[in-house]
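Undergrad: Sequence and predicted model, in that order:
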Amino acid sequence: MTVTMPFAKALNAGMRAAMAADDHVLLMGEDIGKLGGVFRVTEGLQAEFGERRVLDTPLAESGIVGTAIGLAMAGFRPVVEIQFDGFVFPAFDQITSQLAKITNRHEGAIRMPVVIRIPYGGHIGAVEHHQESPEAYFAHTPGLRVVSPSTPNDAYWMIQDAISSPDPIIFLEPKAKYWMKGEVDTAERALPLHASRVVRRGTDITLVGHGAMVTTLLQAAALAESEGTSCEVVDLRSLSPVDFGPILDSVRRTGRMVYAQEAPQFASVGSEVAATVMEKAFFALESPVLRVSGFDVPFPPAKLEGQYLPDADRILEAVDRALAY
Amino acid sequence: MTPPDDPALVRVLAADGTFAPTPEAERYLPLIDALTDADLETFYRDMVMVRAFDRQATNLQRQGQLALWPPSHGQEAAQVGSVRAARAQDHLFPSYREHVVCTVRGVDPVDIIRLMRGLTHGGWDPTDPKNGNTHLYTLVLGSQTLHATGYGMGMVLDGRCGTGDPERDAAVMVYYGDGSSSQGDVHEAMVFAASYNTPEVFFLQNNHWAISVPVSTQAKVPLYRRAEGYGIPSVRVDGNDVLASYAVSRLALDDARAGEGPRAIEALTYRMGAHTTSDDPTKYRTGDEEQSWARRDPIDRMRAYLQSRGAASTFFDEVDAAAAAYADDIRVRTNALGDIPVETMFGYVYSEEHPRVDEQRQWFAEYEASFEEGTA
């Protein structure tokens, strides 16, 4: 069955389905119960499942993640909401030194089926700490899986697959897309959690990105088409592990690639994808793999976010450079 | 330093082993009266056995058999008293100096040694019944207090406490120290514990030194009083008095299991040895201070008390012989520990297949094999 709904509602529906299927799934976070979360992603779930399944926690991110670890040890499957990207860092120690390593430390005797949902990225004109893209910290950490849906259908299925995973998952929600509507097939998932996906076919160059940037890549591809350039677009979906198959397959056909991301460029997910493509598809490349990223500066005040964030023009500038090489 | 006449202190045995309860100890005396001679002998035996283990492990480190050892010498009474107050269904979350707690619950001392020898980051399986629901050591200070609190939240949600059935109701007890008490995680754990009314005992061993930093730098109020600020009833006990440590832990655990919420205990004790075998306490504390605490030794105190009750000298001889045999066995088994296969490092990073780790495991196996072929 296909239903049209906004991204945030698709996440909500996915969590509702997961909670209905397994009563050990519980939600934890700041303002997620009565308020339904500052983005209303959990709206109605406390009313439906009760205060023992949807916990309005104290305002302490390390405390939320640390107690989620204990709850997972006790057999629960906590789904944690961090209110904004920049507020995850008080929990960084519990995520990287504990959550990511507990299965390894216990040699498999204890699993950590914990999902940490983080609204991330810019485009909403908010104040400091509310528009960041911290994915590289988590993708760099062994033991974590990191995913980011870019469509309502992926939001609906990927949150359910993340909740059913036995490993900890950093679930990055492109907050700019919360209100974007799309079709959701509630009967059947299209792809496994960690698969990348070609979202537009093309022959001249491969554009790869994740999260909100996938929309921008598609805009760029549409503009390029009007100028006679055929762009293939790949949605990474999973940032760790990365499903390189569709990317390498595409680059072997197009010979060129641009990666687009909101995060600062240095030591980023795009850098890792670029390096791997260079290693594994070197002889297919007609030009260097290029990256279009946020600048290596703190996310600027909101009045400058339009200049900081990659847009279709910045992507097309890189496409032109790659084609002219 | 704590004045010996601290009116808030719960103490039953004076430093010389005489039975001399402080006023604060009066309410605990029925719990102590209920202890049998066999119980008292068990407390003493536990302390002697684990001190022998601790001394053996310290020696093994000096002989190059271990990378590191954090000695528990001096803290035996706080640990034995608290762990003997726990029931089988309780879950214990240690820091990394709780060798007494772990071994009393059934953890093999050689499993702790494997951690300190560099063979594992864990050592035992907390879900294996033989380990008495004892969770792994946590080396980041205070992290485990949140894990314990989360576990306690799970007990509340699962109805594993507060049913009125003492055979079934469970609690968690989490161990940390005066150094950890400054960590934000400890404070957040108390906030969550109070909010969710967890069946939990926060057991703080104040051994007076966080490596080289004295407790006076950590706190301007007695540490046990911090818990009150979170709405958690707390008590300060002479942690070198095994009877007092047992009694306060017993009552706190009983309250927690009964669903009355979290409790906190500050056990005043002293780390007689170094922080770890890499530490040099002569750089930051005086021999006089160490001697003053040696006179309050928990084992000597209990031995004097047992002697005053008429324990036979053969009992003490038998315990000493058992401890020596225990330590010998640990040495023999430590020296017999083999290496771990190199592929171990690729194991259990994830629960399910992971292309990056799998690829690197395979690459490394082939890389290693390439040398074998070269020499063949």
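TA: Received it, and whenever you're ready, just let me know what you need.
Undergrad: use CA for all of it now, contacts and neighbours both
TA: Will do.
Undergrad: Return the per-residue confidence for the residue most central in space within chain B.
TA: What sits nearest the mean C-alpha location of chain B, by Cα atoms, centre = their mean, is residue B:98, with 2.5 Å. Listed pLDDT for residue B:98 reads 97.
Undergrad: who in chain B is up against chain A?
TA: Within chain B, the positions near chain A by Cα under 8 Å from any Cα of the partner chain are B:120-127, B:136, B:143, B:146-155, B:157, B:185, B:188-189, B:191-192, B:195, B:347-352, B:354-356.
Undergrad: For residue B:203, pull up the helix or strand it's in.
TA: strand B:200-206 (DSSP states H and E).
Undergrad: which residues touch that strand?
TA: By Cα atoms under 8 Å, 6 or more residues apart in numbering or on different chains, the residues outside strand B:200-206 that reach it are B:75, B:78, B:145, B:148-149, B:152, B:171-178, B:181, B:193, B:215, B:239, B:249, B:252-253, B:256-257, B:261-270.
Undergrad: Try it again at 6 Å.
TA: B:171-178, B:256, B:262-269 (Cα atoms under 6 Å, 6 or more residues apart in numbering or on different chains).
Undergrad: Run through chain B and note the low-pLDDT ranges.
TA: Along chain B, segments meeting pLDDT under 70 span B:1-5, B:373-376.
Undergrad: domain ranges for it?
TA: Chain B is divided into the following domains under automatic domain parsing: B:9-335, B:342-375.
Undergrad: could you give the mean pLDDT of the strand ranked longest in chain A?
TA: In chain A, taking DSSP state E as the definition, the longest strand is strand A:257-264. Taken as a whole, strand A:257-264 has a mean pLDDT of 98.
Undergrad: What helices and strands are in contact with that strand?
TA: strand A:205-209, strand A:290-294 (3 or more Cα pairs under 6 Å, 6 or more residues apart in numbering or on different chains; DSSP states H and E).
Undergrad: ok and the first one relative to strand A:257-264, angle-wise?
TA: Relative orientation of strand A:205-209 with respect to strand A:257-264: 20 degrees, computed using axes from the mean of the first three to the mean of the last three Cα atoms, to 10 degrees.
Undergrad: contacting residues around strand A:205-209?
TA: Contacts of strand A:205-209 (Cα under 6 Å, 6+ apart): A:231-236, A:254, A:256-261.
Undergrad: any chance of the residues you listed in JSON lines, plus neighbour count?
TA: As requested, the contacts of strand A:205-209 are exported to JSON lines (neighbours: other Cα atoms under 10 Å in any protein chain shown):
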{"residue": "A:231", "neighbour count": "26"}
{"residue": "A:232", "neighbour count": "25"}
{"residue": "A:233", "neighbour count": "28"}
{"residue": "A:234", "neighbour count": "24"}
{"residue": "A:235", "neighbour count": "26"}
{"residue": "A:236", "neighbour count": "29"}
{"residue": "A:254", "neighbour count": "20"}
{"residue": "A:256", "neighbour count": "25"}
{"residue": "A:257", "neighbour count": "32"}
{"residue": "A:258", "neighbour count": "24"}
{"residue": "A:259", "neighbour count": "25"}
{"residue": "A:260", "neighbour count": "29"}
{"residue": "A:261", "neighbour count": "27"}
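Undergrad: Which of those sits closest to residue B:163?
TA: Minimum distance to residue B:163 across these is 49.8 Å, recorded for residue A:236 (Cα to Cα).
Undergrad: wait, doesn't that closest one sit right on residue A:196?
TA: Yes - assessed by Cα atoms under 6 Å, residue A:236 is found in contact with residue A:196 at 4.6 Å.
Undergrad: which residues of the chain fall in helices?
TA: This is for chain A. A:7-21, A:45-49, A:61-73, A:92-93, A:102-105, A:135-139, A:152-164, A:213-226, A:245-254, A:269-280, A:305-308, A:312-324 (DSSP state H).
Undergrad: my question was about chain B
TA: Using DSSP H, helices in chain B cover B:29-33, B:37-62, B:76-85, B:99-104, B:109-117, B:143-157, B:184-196, B:215-218, B:224-229, B:242-257, B:287-294, B:298-308, B:313-335, B:355-375.
Undergrad: Dump these to a markdown table, plus mean neighbour count and distance to residue B:132.
TA: Shown next, in a markdown table, are the helices of chain B (neighbours: other Cα atoms under 10 Å in any protein chain shown; distance: least, Cα to Cα, whole Å):
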| stretch | mean neighbour count | distance to residue B:132 |
| --- | --- | --- |
| helix B:29-33 | 12 | 23 |
| helix B:37-62 | 20 | 16 |
| helix B:76-85 | 28 | 11 |
| helix B:99-104 | 25 | 8 |
| helix B:109-117 | 21 | 14 |
| helix B:143-157 | 29 | 15 |
| helix B:184-196 | 23 | 23 |
| helix B:215-218 | 16 | 32 |
| helix B:224-229 | 18 | 27 |
| helix B:242-257 | 26 | 16 |
| helix B:287-294 | 12 | 31 |
| helix B:298-308 | 20 | 24 |
| helix B:313-335 | 15 | 20 |
| helix B:355-375 | 12 | 33 |
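Undergrad: Mark out where each domain of chain A begins and ends.
TA: According to automatic domain parsing, the domains of chain A span A:2-185, A:197-324.
Undergrad: Point out the most buried one among the ones you listed.
TA: Of all the domains of chain A, domain A:2-185 carries the top mean neighbour count, a mean of 22, counting by mean count of other Cα atoms under 10 Å in any protein chain shown.
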